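> Could you work out the structure for the sequence below:
(one chain, ligands or ions: 3)
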Amino acid sequence: MAPLLDKIKTLELEIGRTQKNKQTAKHLGDLKAKLCAARRELMEPSKSGGGKQAGFEVGRFGDSRLALIGFPSVGKSSLLTALTGVQSEAAAYEFTTLTCIPGVIHYNDTKIQLLDLPGIIMGAAQGKGRGRQVISTARSADMIIMVLDATKDDSQRQMLTKELNDVGIRLNKEHPRLTVTKTKCGGYRYNATVPLTELSSEVCYSILHSYRMFNVDVVIQEDASIDDFIDVLEEAGTSPRRYSKCLFVYNKIDLLSVAQVDELARQEFTVVISVNKNLNLDGLLERIWQELNLKRIYTKKKGLFPDFEGPLVLTAQRGDKTSTVENAVTLLHKSILDEFRCALVWGTSVRSSPQACGLKHELQDEDVMQILKMTAAEKTKRAHGKKTGATLAGGNTQIDAKTAKEREKKAPLKT
Ligand SMILES: Nc1nc2c(ncn2[C@@H]2O[C@H](COP(=O)(O)OP(=O)(O)OP(=O)(O)O)[C@@H](O)[C@H]2O)c(=O)[nH]1
Ligand SMILES: [K+]
Ligand SMILES: [Mg+2]
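Numbers count the residues shown, from 1 in each chain. Ligands and ions are numbered 1, 2, ... in the order given. Below you'll find the model as predicted:
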């Protein structure tokens, strides 16, 4: 493994030494592609054992998953215990926690899984210690809670961000607006719809060359960087990128002056707390809720009150169209899609309540939804329509809306 580490170091050094300008862009692109290949090789599980360690794999539970990432003794376990009631040993010495300990936050009718993890050491990306498992757990989370010691200097935040970055986890960043599509033939095609600072047709071509990709369509829709371009290429391979929300949580503010706390709190995606003194834990929960952007959909049966106990919970943060009626119905049961006629929706996503909506309608938090199923005759008709190629779904929402409303008059929402 050592030669690989040396190689990574050399490449990093050379990238650091190379000035960033138009002339060096091509060279930089090549270096960065090589660096990525070396890191990928390093992160792949070694064949000589040392793979998964017992006690570390924790099943997914609830509507969303958060991972507590941070250096040793910043207060991760204390925070888990404060938010979930699950006892995770907290102590003044480093590496108190050695495995992954799950807890559940009950908030706004939803269940959010919170994972306490061992403290990260630098070089986790190089596969040292348990770092690798911590990182792979972080990758599986919907949001990372980076716990920082407010009394220490801010290099901890930068170091951890870099550490995660090195293994393909991008914090608070959207997926780059560029696509690379492999084609069977046709060679290299390139189209940029905006002016580019770092990338150019030539630079992309050169990077693609080192990936041995020769027949590709490249479409770039934002002023993306070389790193963005490589991210998209890597994503198609064995080392997927993760674009993850991250909250930077500064703990132990009880040891700081008000002015110092104020300065920390002004940073982006930042929450300041003290677990031991119970300061701003409610604020943290509220912010987590805001950033998760979960959509609670209450279902109701005809003529009955909505079920306010167990909503369907849609995650809207990954991709754009995740809070569609279709996704909500699928959460209930996929088979319902076959007999789906339309959904009656009450709430902020519709202009008048109830409104009959098709599968593509985007629901909002706290909407109420009632599913109307097709009659047997309609099902046959649809099956027939499919055979003859006629489009039925979505095209007849007007008729649906009317009939649906008439039906609903007989059984109005009782709230
Ligand atoms: N002053 C102060 N100390 C705190 C606060 N929260 C936690 N601590 C202390 O920090 C120490 C470490 O807490 P842990 O919860 O064990 O930290 P950890 O991040 O889980 O540590 P590892 O599992 O070893 O990585 C303990 O002695 C806690 O009592 C706080 O808000 N203020
Ligand atoms: K500790
Ligand atoms: Mg701990």
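> Now residue 337: closest residue in space, sequence neighbours ignored.
Of all residues beyond its chain neighbours, the one nearest residue 337 is residue 329 (5.9 Å), with distances taken as C-beta to C-beta, 6 or more residues apart in numbering. All C-beta atoms are positioned from the backbone trio N, CA, C, and that covers glycine.
> who's in contact with that neighbour?
With contacts taken as C-beta atoms under 8 Å, 6 or more residues apart in numbering, residue 329 has the following neighbours: 336-337, 340, 343, 359, 371.
> part of a helix, is it?
Yes: counting by DSSP: H, G, I helix; E, B strand; the rest coil, residue 329 is part of a helix.
> Get me the contact residues on the stretch 1-150 of the chain for ligand 1.
Proximity of the stretch 1-150 of the chain to ligand 1 (C-beta under 6 Å from any ligand atom) is limited to residues 70, 72-78, 90-92, 94-97, 118-119.
> Report the entries of those residues that also contact ligand 2.
Restricting these to those within reach of ligand 2 (C-beta under 5 Å from the ion) leaves 73, 91, 96.
> Surely the last one touches residue 77?
Right, residue 96. Yes: assessed by C-beta atoms under 8 Å, residue 96 is found in contact with residue 77 at 6.4 Å.
> one step back: so which of the ones next to ligand 2 among the residues of the stretch 1-150 of the chain next to ligand 1 reach ligand 3?
With C-beta under 5 Å from the ion as the criterion, these include residue 96 near ligand 3.
> Select only the buried ones of the ones next to ligand 2 among the residues of the stretch 1-150 of the chain next to ligand 1 in PyMOL?
Selecting only the buried entries of these in PyMOL, with 16 or more other C-beta atoms under 10 Å as the criterion:
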select buried, resi 73+96
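> Just put the ones next to ligand 2 among the residues of the stretch 1-150 of the chain next to ligand 1 in JSON lines and tack on pLDDT and secondary structure.
Shown next, in JSON lines, are these (pLDDT from 0 to 100; DSSP: H, G, I helix; E, B strand; the rest coil):
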{"residue": "73", "pLDDT": "93", "secondary structure": "coil"}
{"residue": "91", "pLDDT": "87", "secondary structure": "coil"}
{"residue": "96", "pLDDT": "82", "secondary structure": "coil"}
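> and which of the ones next to ligand 2 among the residues of the stretch 1-150 of the chain next to ligand 1 is nearest ligand 3?
When these are ranked by distance to ligand 3 (C-beta to the ion), residue 96 comes first, at 4.6 Å.
> Skipping adjacent residues, who's closest to that closest one in space?
residue 89 (5.4 Å).
> can you pull out the helices in the protein?
2-17, 25-43, 76-84, 131-140, 155-166, 201-210, 226-235, 258-265, 281-292, 325-332, 376-388, 397-410 (DSSP state H).
> hang on, the earlier thing: now, the contacts of residue 329 that are in strands?
The strands, defined by DSSP state E, take in 340, 343, 371 from the contacts of residue 329.
> picking up where we left off before, pick the most buried one from the helices of the chain.
Compared across the helices of the chain, helix 76-84 shows the largest average neighbour count, a mean of 23 (mean count of other C-beta atoms under 10 Å).
> What distance do you get for the residue nearest to residue 96 to ligand 3?
From residue 89 across to ligand 3, the span is 7 Å (C-beta to the ion, to the nearest Å).
> now that residue: how far from residue 95?
With the distance defined as C-beta to C-beta, to the nearest Å, residue 89 ends up 11 Å from residue 95.
> Help me see whether the longest strand belonging to the chain makes contact with ligand 2, please.
As assigned by DSSP E, the longest strand anywhere in the chain is strand 242-251. No: Strand 242-251 is not in contact with ligand 2 by C-beta under 5 Å from the ion; minimum separation 11.8 Å.
> Show me what that strand is packed up against.
Applying 3 or more C-beta pairs under 8 Å, 6 or more residues apart in numbering; DSSP states H and E, we find strand 242-251 packed against helix 76-84, helix 131-140, strand 143-149, strand 169-171, strand 270-272, helix 281-292.
> how much distance is there from that strand to the middle of the chain?
Centroid displacement of strand 242-251 relative to its chain, using C-alpha atoms, centre = their mean, to the nearest Å, is 11 Å.
> ok, it: who's next to it in the sheet?
According to DSSP bridges, strand 242-251 forms sheet pairs with strand 143-149 (parallel), strand 169-171 (parallel), strand 270-272 (parallel).
> how about those strands in TSV, adding distance to residue 22 and mean neighbour count?
As requested, the strands paired with strand 242-251 are exported to TSV (distance: least, C-beta to C-beta, whole Å; neighbours: other C-beta atoms under 10 Å):
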stretch	distance to residue 22	mean neighbour count
strand 143-149	35	24
strand 169-171	25	20
strand 270-272	36	21
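> for the ones you listed, which one sits closest to ligand 3?
Taking C-beta to the ion, strand 143-149 is the member of those nearest to ligand 3, at 9.5 Å.
> got the angle between the closest one and helix 76-84?
Interaxial angle of strand 143-149 relative to helix 76-84 (axes from the mean of the first three to the mean of the last three C-alpha atoms, to 10 degrees): 120 degrees.
> any chance of the strands paired with strand 242-251 in JSON lines, plus mean pLDDT and distance to ligand 3?
Compiled in JSON lines, these are given as follows (pLDDT from 0 to 100; distance: least, C-beta to the ion, whole Å):
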{"stretch": "strand 143-149", "mean pLDDT": "97", "distance to ligand 3": "10"}
{"stretch": "strand 169-171", "mean pLDDT": "94", "distance to ligand 3": "21"}
{"stretch": "strand 270-272", "mean pLDDT": "98", "distance to ligand 3": "19"}
